[in-house]
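**Q** Here you go, sequence then predicted model.
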Amino acid sequence: MKSLLHGIVAIIFVAVILLLSDLGNRTHKREITGHSGNSGRQVANHFKLAMVHYIDSPNSEECEKGIRNALSDNNLTENVSYSMKVFNAQGDISTLNNIAGSLSNEKYDLIFSLSTPTLQIMSKKLQGQKIVFTNVGDPVAAGAGESYQNHLPNICGISTISDFDGLLNFAKLLQPGIRKIGTVFTPSEVNSVIYKDKLDEAAGKNGLTLIAAPASSAVEVMEAAKSLVMKRI
(Lines give C-alpha, C1' and ligand atoms only; values in the text may rest on other atoms or scores of the structure.)
Protein backbone atom coordinates (compact mmCIF):
# COMPACT_ATOMS: atom_id res chain seq x y z
CA MET A 1 0.00 0.00 0.00
CA LYS A 2 2.81 2.41 0.87
CA SER A 3 4.57 1.68 -2.42
CA LEU A 4 1.30 2.28 -4.28
CA LEU A 5 0.79 5.64 -2.59
CA HIS A 6 4.36 6.66 -3.34
CA GLY A 7 3.73 5.68 -6.94
CA ILE A 8 0.50 7.68 -7.07
CA VAL A 9 2.17 10.77 -5.73
CA ALA A 10 5.11 10.34 -8.08
CA ILE A 11 2.66 10.32 -10.98
CA ILE A 12 1.20 13.56 -9.70
CA PHE A 13 4.45 15.25 -10.51
CA VAL A 14 3.80 14.81 -14.19
CA ALA A 15 1.02 17.30 -13.54
CA VAL A 16 3.07 19.33 -11.08
CA ILE A 17 5.90 19.79 -13.57
CA LEU A 18 3.39 21.19 -16.07
CA LEU A 19 2.23 23.71 -13.47
CA LEU A 20 5.74 24.57 -12.33
CA SER A 21 7.42 24.64 -15.72
CA ASP A 22 6.81 28.35 -16.19
CA LEU A 23 7.86 28.94 -12.59
CA GLY A 24 11.06 27.02 -13.21
CA ASN A 25 11.82 29.25 -16.16
CA ARG A 26 11.18 32.31 -14.01
CA THR A 27 13.57 30.97 -11.36
CA HIS A 28 16.47 31.21 -13.80
CA LYS A 29 15.40 34.75 -14.70
CA ARG A 30 15.37 35.68 -11.02
CA GLU A 31 19.14 35.17 -10.73
CA ILE A 32 20.64 38.58 -10.08
CA THR A 33 24.09 40.03 -9.59
CA GLY A 34 24.99 40.49 -5.92
CA HIS A 35 25.05 43.98 -4.41
CA SER A 36 27.83 45.90 -2.61
CA GLY A 37 30.51 44.72 -4.95
CA ASN A 38 29.60 41.06 -4.53
CA SER A 39 30.09 39.54 -7.95
CA GLY A 40 28.45 36.26 -6.97
CA ARG A 41 24.98 35.31 -8.14
CA GLN A 42 21.98 34.53 -5.97
CA VAL A 43 18.30 33.62 -6.37
CA ALA A 44 16.05 36.53 -5.43
CA ASN A 45 13.29 34.29 -4.03
CA HIS A 46 12.02 30.73 -4.17
CA PHE A 47 8.77 28.82 -4.55
CA LYS A 48 6.14 29.30 -1.88
CA LEU A 49 4.21 26.05 -1.41
CA ALA A 50 1.40 24.92 0.88
CA MET A 51 0.08 21.49 1.80
CA VAL A 52 -3.34 20.82 3.36
CA HIS A 53 -4.33 17.69 5.30
CA TYR A 54 -7.92 17.12 6.40
CA ILE A 55 -6.99 14.67 9.16
CA ASP A 56 -4.00 12.58 10.29
CA SER A 57 -4.12 9.22 8.50
CA PRO A 58 -1.62 6.71 7.07
CA ASN A 59 -2.71 7.57 3.52
CA SER A 60 -2.31 11.30 4.03
CA GLU A 61 1.08 10.88 5.72
CA GLU A 62 2.35 8.66 2.90
CA CYS A 63 1.16 11.22 0.34
CA GLU A 64 3.12 13.95 2.10
CA LYS A 65 6.23 11.77 2.14
CA GLY A 66 5.80 11.01 -1.54
CA ILE A 67 5.43 14.69 -2.44
CA ARG A 68 8.51 15.65 -0.46
CA ASN A 69 10.49 12.82 -2.07
CA ALA A 70 9.36 13.89 -5.53
CA LEU A 71 10.34 17.50 -4.86
CA SER A 72 13.78 16.26 -3.88
CA ASP A 73 13.93 14.04 -6.97
CA ASN A 74 13.28 17.17 -9.05
CA ASN A 75 16.28 18.92 -7.44
CA LEU A 76 14.15 21.16 -5.22
CA THR A 77 15.47 21.57 -1.68
CA GLU A 78 13.31 22.81 1.19
CA ASN A 79 14.32 26.22 2.57
CA VAL A 80 16.58 26.67 -0.46
CA SER A 81 14.46 26.12 -3.57
CA TYR A 82 11.11 26.32 -1.80
CA SER A 83 9.32 26.82 1.50
CA MET A 84 6.41 24.56 2.49
CA LYS A 85 3.67 25.51 4.95
CA VAL A 86 1.68 22.48 6.15
CA PHE A 87 -1.89 22.79 7.46
CA ASN A 88 -4.03 20.14 9.16
CA ALA A 89 -7.74 20.60 9.91
CA GLN A 90 -7.74 17.62 12.33
CA GLY A 91 -11.01 16.39 10.83
CA ASP A 92 -12.91 19.63 11.49
CA ILE A 93 -14.71 21.26 8.54
CA SER A 94 -14.88 24.70 10.14
CA THR A 95 -11.12 24.60 10.69
CA LEU A 96 -10.67 23.55 7.07
CA ASN A 97 -12.73 26.54 5.96
CA ASN A 98 -10.52 28.80 8.07
CA ILE A 99 -7.42 27.29 6.47
CA ALA A 100 -8.87 27.96 3.01
CA GLY A 101 -9.51 31.55 4.04
CA SER A 102 -5.91 31.90 5.20
CA LEU A 103 -4.63 30.46 1.92
CA SER A 104 -6.79 32.83 -0.11
CA ASN A 105 -5.18 35.81 1.63
CA GLU A 106 -1.67 34.77 0.60
CA LYS A 107 -0.14 34.08 -2.78
CA TYR A 108 1.26 30.56 -3.12
CA ASP A 109 2.99 29.21 -6.20
CA LEU A 110 1.32 25.83 -5.64
CA ILE A 111 -1.03 24.21 -3.10
CA PHE A 112 -1.21 20.45 -2.46
CA SER A 113 -4.59 19.02 -1.45
CA LEU A 114 -4.40 15.60 0.21
CA SER A 115 -8.04 14.55 0.62
CA THR A 116 -11.55 14.88 -0.79
CA PRO A 117 -12.78 17.40 1.84
CA THR A 118 -9.79 19.68 1.22
CA LEU A 119 -10.36 19.56 -2.54
CA GLN A 120 -14.08 20.25 -2.12
CA ILE A 121 -13.47 23.43 -0.16
CA MET A 122 -10.38 24.69 -1.99
CA SER A 123 -11.97 24.22 -5.43
CA LYS A 124 -14.66 26.69 -4.33
CA LYS A 125 -12.60 29.17 -2.31
CA LEU A 126 -9.24 29.21 -4.10
CA GLN A 127 -10.27 29.68 -7.71
CA GLY A 128 -7.26 31.79 -8.57
CA GLN A 129 -4.56 29.53 -7.10
CA LYS A 130 -2.86 26.47 -8.58
CA ILE A 131 -3.87 23.26 -6.81
CA VAL A 132 -2.60 19.68 -7.20
CA PHE A 133 -4.55 16.92 -5.46
CA THR A 134 -4.16 13.26 -4.55
CA ASN A 135 -5.87 10.78 -2.20
CA VAL A 136 -9.23 11.70 -3.80
CA GLY A 137 -11.63 8.98 -4.96
CA ASP A 138 -13.78 11.09 -7.31
CA PRO A 139 -12.38 14.57 -8.06
CA VAL A 140 -15.35 15.40 -10.30
CA ALA A 141 -17.81 14.84 -7.45
CA ALA A 142 -15.46 16.84 -5.22
CA GLY A 143 -15.84 19.88 -7.46
CA ALA A 144 -12.69 19.79 -9.61
CA GLY A 145 -14.70 19.99 -12.84
CA GLU A 146 -17.44 18.48 -14.97
CA SER A 147 -15.30 15.54 -16.14
CA TYR A 148 -11.70 14.29 -16.13
CA GLN A 149 -11.17 16.19 -19.40
CA ASN A 150 -13.23 19.29 -18.62
CA HIS A 151 -11.84 20.41 -15.26
CA LEU A 152 -11.13 23.73 -13.60
CA PRO A 153 -8.05 25.33 -15.21
CA ASN A 154 -6.20 25.82 -11.92
CA ILE A 155 -6.63 22.21 -10.66
CA CYS A 156 -5.04 18.90 -11.61
CA GLY A 157 -4.13 15.68 -9.81
CA ILE A 158 -4.69 11.96 -9.41
CA SER A 159 -7.91 10.04 -8.75
CA THR A 160 -7.32 7.12 -6.39
CA ILE A 161 -10.64 5.32 -6.96
CA SER A 162 -10.45 1.55 -6.64
CA ASP A 163 -10.68 -1.11 -9.34
CA PHE A 164 -13.98 -2.63 -8.19
CA ASP A 165 -14.31 -5.07 -11.10
CA GLY A 166 -10.81 -6.38 -10.34
CA LEU A 167 -11.65 -6.58 -6.64
CA LEU A 168 -14.77 -8.68 -7.26
CA ASN A 169 -13.05 -10.92 -9.81
CA PHE A 170 -10.39 -11.62 -7.18
CA ALA A 171 -13.08 -12.27 -4.55
CA LYS A 172 -14.81 -14.78 -6.83
CA LEU A 173 -11.48 -16.47 -7.48
CA LEU A 174 -10.84 -16.84 -3.73
CA GLN A 175 -14.44 -17.72 -2.86
CA PRO A 176 -16.11 -19.49 -5.82
CA GLY A 177 -19.89 -19.47 -5.73
CA ILE A 178 -20.40 -16.23 -3.76
CA ARG A 179 -23.69 -14.47 -4.45
CA LYS A 180 -24.13 -11.81 -1.74
CA ILE A 181 -21.46 -9.37 -0.55
CA GLY A 182 -21.49 -6.65 2.10
CA THR A 183 -19.84 -3.32 2.81
CA VAL A 184 -19.89 -0.65 5.51
CA PHE A 185 -20.02 2.98 4.35
CA THR A 186 -20.37 6.50 5.78
CA PRO A 187 -23.45 8.29 4.37
CA SER A 188 -22.09 11.78 5.10
CA GLU A 189 -18.76 11.25 3.31
CA VAL A 190 -18.88 11.78 -0.45
CA ASN A 191 -15.99 9.39 -1.15
CA SER A 192 -17.61 6.63 0.88
CA VAL A 193 -20.97 6.97 -0.89
CA ILE A 194 -19.28 7.04 -4.31
CA TYR A 195 -17.27 3.92 -3.46
CA LYS A 196 -20.42 2.14 -2.27
CA ASP A 197 -22.27 3.08 -5.47
CA LYS A 198 -19.36 2.01 -7.70
CA LEU A 199 -19.11 -1.30 -5.82
CA ASP A 200 -22.85 -1.82 -6.24
CA GLU A 201 -22.54 -1.17 -9.97
CA ALA A 202 -19.65 -3.62 -10.30
CA ALA A 203 -21.54 -6.20 -8.23
CA GLY A 204 -24.48 -6.05 -10.64
CA LYS A 205 -22.20 -6.60 -13.62
CA ASN A 206 -20.65 -9.59 -11.86
CA GLY A 207 -23.97 -11.22 -10.91
CA LEU A 208 -23.62 -10.34 -7.23
CA THR A 209 -25.91 -8.62 -4.73
CA LEU A 210 -24.47 -5.92 -2.48
CA ILE A 211 -25.81 -5.28 1.02
CA ALA A 212 -24.60 -1.91 2.38
CA ALA A 213 -24.70 -1.01 6.07
CA PRO A 214 -24.31 2.67 7.10
CA ALA A 215 -22.02 3.82 9.90
CA SER A 216 -21.96 7.53 10.72
CA SER A 217 -19.05 7.31 13.18
CA ALA A 218 -16.17 5.00 14.06
CA VAL A 219 -18.05 3.55 17.03
CA GLU A 220 -20.86 2.41 14.71
CA VAL A 221 -18.62 0.40 12.38
CA MET A 222 -18.62 -2.77 14.49
CA GLU A 223 -22.42 -2.82 14.81
CA ALA A 224 -22.79 -2.22 11.08
CA ALA A 225 -20.42 -5.11 10.35
CA LYS A 226 -22.37 -7.38 12.73
CA SER A 227 -25.60 -6.49 10.93
CA LEU A 228 -24.05 -7.69 7.67
CA VAL A 229 -23.11 -11.00 9.24
CA MET A 230 -26.73 -11.45 10.37
CA LYS A 231 -27.84 -10.98 6.77
CA ARG A 232 -25.78 -14.00 5.71
CA ILE A 233 -23.54 -12.27 3.18
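**A** Thanks, I have it. Residues are numbered from 1 along each chain as shown.
**Q** ok, the closest residue to Ile233 other than its chain neighbours to Ile99 distance?
**A** Counting by Cβ to Cβ, 6 or more residues apart in numbering, Gly182 is the residue found nearest to Ile233 once chain neighbours are left out, at 3.9 Å. Backbone N, C-alpha and C define where each C-beta goes, glycine included. Gly182 sits 36 Å away from Ile99, going by Cβ to Cβ, to the nearest Å.
**Q** which of the two has more neighbours?
**A** Applying other Cβ atoms under 10 Å to Gly182 and Ile99 shows that Ile99 carries more neighbours, namely 22 against 17.
**Q** SS state for that one?
**A** Reduced to three states with DSSP: H, G, I helix; E, B strand; the rest coil, the structure at Ile99 is helix.
**Q** hang on, it packs against Val52?
**A** Yes. Look at Ile99 against Val52 with Cβ atoms under 8 Å: they come within range, at 6.1 Å.
**Q** Overlap of the contact sets of these two?
**A** Residues touching both Ile99 and Val52 (Cβ atoms under 8 Å, 6 or more residues apart in numbering) are 87, 89.
**Q** picking up where we left off before, pretty sure the residue nearest to Ile233 contacts Pro214?
**A** No. The criterion here is Cβ under 8 Å, and Gly182 misses it with Pro214 at 12.0 Å.
**Q** what sits opposite Ile131 in the beta ladder?
**A** On the basis of DSSP bridges, Ile131 is bridged to Ile111, Ile155.
**Q** sorry, back to before: the residue nearest to Ile233 belongs to a strand, doesn't it?
**A** Yes. With three-state DSSP as the criterion, Gly182 is located in a strand.
**Q** Give me the pLDDT for it.
**A** In this prediction, Gly182 carries a pLDDT score of 96.
**Q** any idea how far Ala215 is from it?
**A** Gly182 is 12 Å from Ala215, where distance means Cβ to Cβ.
**Q** repeat for Ser188
**A** Ser188 is 10 Å from Ala215, by Cβ to Cβ.
**Q** neighbour count winner among those two?
**A** Regarding Ser188 and Ala215, a neighbour count based on other Cβ under 10 Å identifies Ala215 as having more, with 18 against 10.
**Q** so what's that one up against?
**A** By Cβ under 8 Å, 6+ apart, Ala215 lies in contact with 184-186, 221, 223-224.
**Q** So Gly145 sits against Cys156, correct?
**A** No. With contact defined as Cβ under 8 Å, Gly145 and Cys156 do not form a contacting pair (9.7 Å).
**Q** Neighbour count: the two, which is higher?
**A** Using other Cβ under 10 Å as the criterion, Gly145 and Cys156 rank with Cys156 on top: 20 against 16.
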